[in-house]
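# need coordinates for the following:
(chains A and B)
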Amino acid sequence: MAEPAIKIRNLYKIFGQRDREMVEKVKAGMSKTDLLAEHGHVLGLKDINIDMKPASIQVVMGLSGSGKSTLIRHLNRLIEPSAGEVIVDGVDVLQMSDKDLREFRRHKISMVFQRFGLLPHKTVIDNVAYGLHVMGKSASEQRDGAMRWIERVGLAGYEDNYPAQLSGGMQQRVGLARALATDADILLMDEAFSALDPLIRTDMQSVLLDLQKELAKTIVFITHDLDEALRLGDQIAILRDGEIVQQGTAQQIVLDPADEYISSFVREVNRGRVIQAETIMDTPAPPGQPASGSIRVEEGTVLEEVARRMTEEDSDRAHVVDETGDSIGTLTMRSVMAGMATPVLKDVVEDDAAR
Amino acid sequence: MQSLFEGLPDWLVEFPQIAGRTLRLMSRSIDQEYRAFSREWGDAIENFFRPLLDFLLWFENLLIHTPWWIVIAAIVAIVWFSSRSVKISVGTFVALILIGLFGMWEDTMRTLSIITVCTLMSILIGMPIGILMSRSDKLQAVVNPILDVMQTMPSFVYLIPIVMLLGIGLIPGLLVVVIYAMPPIIRLTNLGIRLVDKEVLEAANAFGSSGWQKLVEVQLPLSLPTIMAGINQTIMMALAMVVVASLIGVRGLGQPVLQAITNQYFTQGVLNGLAIVAIAIIFDRTSQAYGKRLQRHREASHG
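Sure, this is the predicted structure:
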């Protein structure tokens, strides 16, 4: 496995005057409630450890007040930590001098904000070029760089408009283009789509996934919406009251929620869009050619897609193939249905898979 | 009432004030100290302000000695290019013609030049102070009460030390006007910068802006409407102060007004008063229209 792009180690954040002293008390086991009652300090983040893989989307999910926005602001140090390390490319961001930090923010990491954070007095093109402008690029480089991304996010023709003249979805495209224009490897997205209407949000998610296929950035995406987390996240970390409660892929979290809190979330999830064919298939595949009428699905296809294809082909069996095209297991309409049904107890899925 | 408090010691009935002799002694010694200070430093301070005086005189002469029609053309052009409003430009033209017809041209030019210089000085000194204040709560806590004193202290009171120090003339007049007119620009620069949207500022930080870049690209442009309101206030206060400054020898529209008060010349007072009003309106409308034009991006709503 590749070296993590971002390593967060033992990160603590406590809000208050004497935060460093309080870290020791929290390490010694003091609870959030006691810390507030006895010392008037608020525990923001507690012992966060995450490895984020390069070229993948790491989602951090949590409800409001869980500390997710605080966490993402530590990655580019918009918030100073109380203790811990954030290592990007082998360098601890939290130890950087002001000058190094500015260079880091200019070239290595960029950010998209929940309420867009656009400069209202600048046109779309000047907003997108802002990062390049800060770097000190020439006027023509700024314009060319900005235009390329304006076109890429589908805003060509709007470059001379002011942000206030655009709808929310379009404004966030400007925010996305601005973040991409600096060519940074790491993209931080703080509830980037939460302020948008549901339809536009789905649309923007597709835009992001398309771009990601092409650009392969390390994206850290913050959201409070589990469906969004499951759709976008290669890896998901769930945050609650400033602590990580579970980390894993979408499927791991849906199939094996770590506690009651997470189970209550995933109960409402559309499993057909999360669980993949190979998770519930019968293994091994019977030797020889697959049975006639069996449709072929690739490894990694979600159950909803399998069911759709089976219905279209009017077939009730399917076989799963790996990258090389070898058959690795089989599915029936019944097992697919069982896999998609909500709620599915974990052992039922395992029984199905074992049979 | 009096009988009620009979028998009480004196100091509970009459306010136990400091003896008149002591008070007189105190004021006299303070005054003497200050006089000694001004004898010693007056010249040096006057020399320090010399370049400013030269500039002011040069500007005044320029306005007075240039033929009137060129001056009117120049002023109307400036008004037009800052406001882009036909109404304001025509109004300015008519007002200036009337001022000339009623024989107030030279005084108006003097007032115009001192107002211009005072406003520029207030902005040059006031804006940096306002910017520093916006960056430090401690500085704000120190400067705010000073501004309160500057604004509420009756202006005649600080005429006295300035006249004692520098005598009568244009420089002390200028100082008085600047002291009186500067607080709004300081206050509103500070306020404007503090009101800039935190998320926009965070975005500027996230892209690695330096302190200077943040100031020039984000904070100043976004606080411009507030700062313009401050400049507008400063101009208005400077105009109000010009009449008072005529007490210490500042020539211009204030002097005929002063003369009219002492001699009960009603018409002269009103005419010169109206000329001041006309200048005030020209400055006010032009600076506001200019401020609004800088904010065009706010008007556009999306559709």
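# so where's the stretch 201-303 of chain B shaky on pLDDT?
Applying pLDDT under 70 to the stretch 201-303 of chain B picks out residues B:296-303.
# helices of that one, residue ranges please.
B:211-213, B:220-245, B:254-263, B:266-294, B:296-299 (DSSP state H, counting those that start in this stretch).
# show me what the first one is packed against.
Right, the one you point to is helix B:211-213. Contact partners of helix B:211-213 among helices and strands, from 3 or more C-beta pairs under 8 Å, 6 or more residues apart in numbering or on different chains; DSSP states H and E: none. Where you see a C-beta, it was placed from the backbone N, CA and C, and this is true even at glycine.
# which parts of it are buried?
For helix B:211-213, a neighbour-count test (16 or more other C-beta atoms under 10 Å in any protein chain shown) marks residue B:213 as buried.
# contacts for it, please.
A:134, B:204 (C-beta atoms under 8 Å, 6 or more residues apart in numbering or on different chains).
# go through the helices of the stretch 201-303 of chain B and pick out the most buried.
Most buried of the helices of the stretch 201-303 of chain B by mean neighbour count (mean count of other C-beta atoms under 10 Å in any protein chain shown) is helix B:220-245; its value is a mean of 22.
# any part of it near chain A?
Yes: interface with chain A: helix B:220-245 contributes B:221, B:222 (C-beta under 8 Å from any C-beta of the partner chain).
# could you list every helix and strand in contact with that helix?
Short answer (3+ C-beta pairs under 8 Å, 6+ apart): helix B:220-245 packs on helix B:105-135, helix B:155-166, helix B:170-194, helix B:254-263, helix B:266-294.
# any chance of the helices of the stretch 201-303 of chain B in CSV, plus distance to residue B:73?
Shown next, in CSV, are the helices of the stretch 201-303 of chain B (distance: least, C-beta to C-beta, whole Å):
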stretch, distance to residue B:73
helix B:211-213, 39
helix B:220-245, 22
helix B:254-263, 26
helix B:266-294, 15
helix B:296-299, 27
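# ranges for the helices of the stretch 201-350 of chain A?
Per DSSP H, counting those that start in this stretch, the stretch 201-350 of chain A carries helices over the ranges A:226-232, A:250-255, A:260-266, A:277-280, A:303-313, A:333-340, A:346-354.
# select, out of these, the one closest to chain B.
helix A:226-232 (20.6 Å; C-beta to the nearest C-beta).
# residues in contact with that closest one?
Here helix A:226-232 makes contact (C-beta under 8 Å, 6+ apart) with A:57, A:59, A:61, A:193, A:201, A:205, A:208-209, A:221, A:223, A:236, A:250, A:253-254, A:265-266, A:268-270, A:273-274.
# which of those are buried?
Counted by 16+ other C-beta under 10 Å, these give A:57, A:59, A:61, A:193, A:201, A:205, A:208, A:221, A:223, A:236, A:250, A:253-254, A:265-266, A:269, A:273-274 as buried.
# which phi and psi does the nearest residue to residue A:109 once chain neighbours are set aside have?
Distance criterion C-beta to C-beta, 6 or more residues apart in numbering or on different chains; nearest residue to residue A:109, sequence neighbours excluded, is residue A:186 at 4.4 Å. When read as degrees, to the nearest 10, the backbone of residue A:186 gives phi -110, psi 130.
# so what's residue A:303 up against?
A:271, A:272, A:273, A:275, A:276, A:277, A:280, A:336, A:339, A:340.
# run the last query once more with 7 Å
When contacts are counted by C-beta atoms under 7 Å, 6 or more residues apart in numbering or on different chains, residue A:303 touches A:272, A:275, A:277, A:336, A:339, A:340.
# cool, and residue A:51?
By C-beta under 7 Å, 6+ apart, the neighbours of residue A:51 are A:4, A:7.
# at 10 Å what do you get?
A:1, A:3, A:4, A:5, A:6, A:7, A:8, A:9, A:58, A:87, A:235, A:247 (C-beta atoms under 10 Å, 6 or more residues apart in numbering or on different chains).
# could you do residue A:291 as well?
A:315, A:317, A:319, A:330.
# phi first, then psi, for it.
Given degrees, to the nearest 10, the pair of backbone angles that residue A:291 has is phi -60, psi 150.
# and residue A:10, helix, strand or coil?
Recorded secondary structure, residue A:10: strand (DSSP: H, G, I helix; E, B strand; the rest coil).
# residue A:267 touches residue A:257, doesn't it?
Yes: here residue A:267 reaches residue A:257: they are 8.9 Å apart, a contact under C-beta atoms under 10 Å.
# what's stretch B:61-75 in contact with?
Residues outside stretch B:61-75 that contact it (C-beta under 10 Å, 6+ apart) are B:89, B:92-93, B:95-97, B:99-100, B:105-113, B:116, B:282, B:286.
# chain center to it, what's the gap?
24 Å (C-alpha atoms, centre = their mean, to the nearest Å).
# just the terminal-to-terminal distance for that stretch.
End-to-end span of stretch B:61-75 (C-alpha to C-alpha, to the nearest Å): 16 Å.
# I'd like the mean pLDDT over it, please.
The average pLDDT within stretch B:61-75 is 93.
# buried stuff in that stretch?
Those would be B:63, B:64, B:68, B:71, B:72, B:75, for stretch B:61-75 by 16+ other C-beta under 10 Å.
# hang on, the last one in a strand?
No: the assignment for residue B:75 is helix, going by three-state DSSP, so no strand is present there.
# what sits against the closest residue to residue A:55 other than its chain neighbours?
Spatially, and ignoring its direct neighbours in sequence, residue A:55 is nearest to residue A:216 (4.0 Å; C-beta to C-beta, 6+ apart). Residues in contact with residue A:216, defined by C-beta under 10 Å, 6+ apart, are A:54, A:55, A:56, A:185.
# do residue A:321 as well
Residue A:321 touches A:277, A:278, A:285, A:290, A:296, A:297, A:298, A:299, A:301, A:327, A:328, A:329, counting by C-beta under 10 Å, 6+ apart.
# hmm, back to that, more crowded one of residue A:267 and residue A:257?
Set side by side, residue A:267 and residue A:257 show more neighbours around residue A:257, with 20 against 12, by other C-beta atoms under 10 Å in any protein chain shown.
# in terms of pLDDT, where does the nearest residue to that one once chain neighbours are set aside sit?
In space, and not counting its chain neighbours, residue A:257 is closest to residue A:263: 4.3 Å by C-beta to C-beta, 6+ apart. Per-residue confidence at residue A:263 stands at 86 (pLDDT).
# so residue A:263 touches residue A:245, yeah?
No: the pair residue A:263 and residue A:245 fails to qualify as a contact (C-beta under 10 Å) at a distance of 11.3 Å.
# hey, what's in contact with both of the two?
residue A:257.
# what about the spatially closest residue to residue A:208 that is not a sequence neighbour, distance to residue A:257?
Spatial nearest neighbour of residue A:208, chain neighbours left out: residue A:232 (6.8 Å); criterion: C-beta to C-beta, 6+ apart. Look at residue A:232 and residue A:257: by C-beta to C-beta, to the nearest Å, they are 19 Å apart.
# for residue A:83, same thing?
Residue A:83 sits 30 Å away from residue A:257, going by C-beta to C-beta.
# residue A:85 now?
For residue A:85, the distance to residue A:257 equals 29 Å [C-beta to C-beta].
# likewise for residue B:266?
Using C-beta to C-beta, residue B:266 is found at 90 Å from residue A:257.
# pLDDT at the residue of chain B most remote from its centre, what is it?
Relative to the centre of chain B, the most outlying C-alpha is that of residue B:7, 55.0 Å out, by C-alpha atoms, centre = their mean. Here the pLDDT value assigned to residue B:7 is 80.
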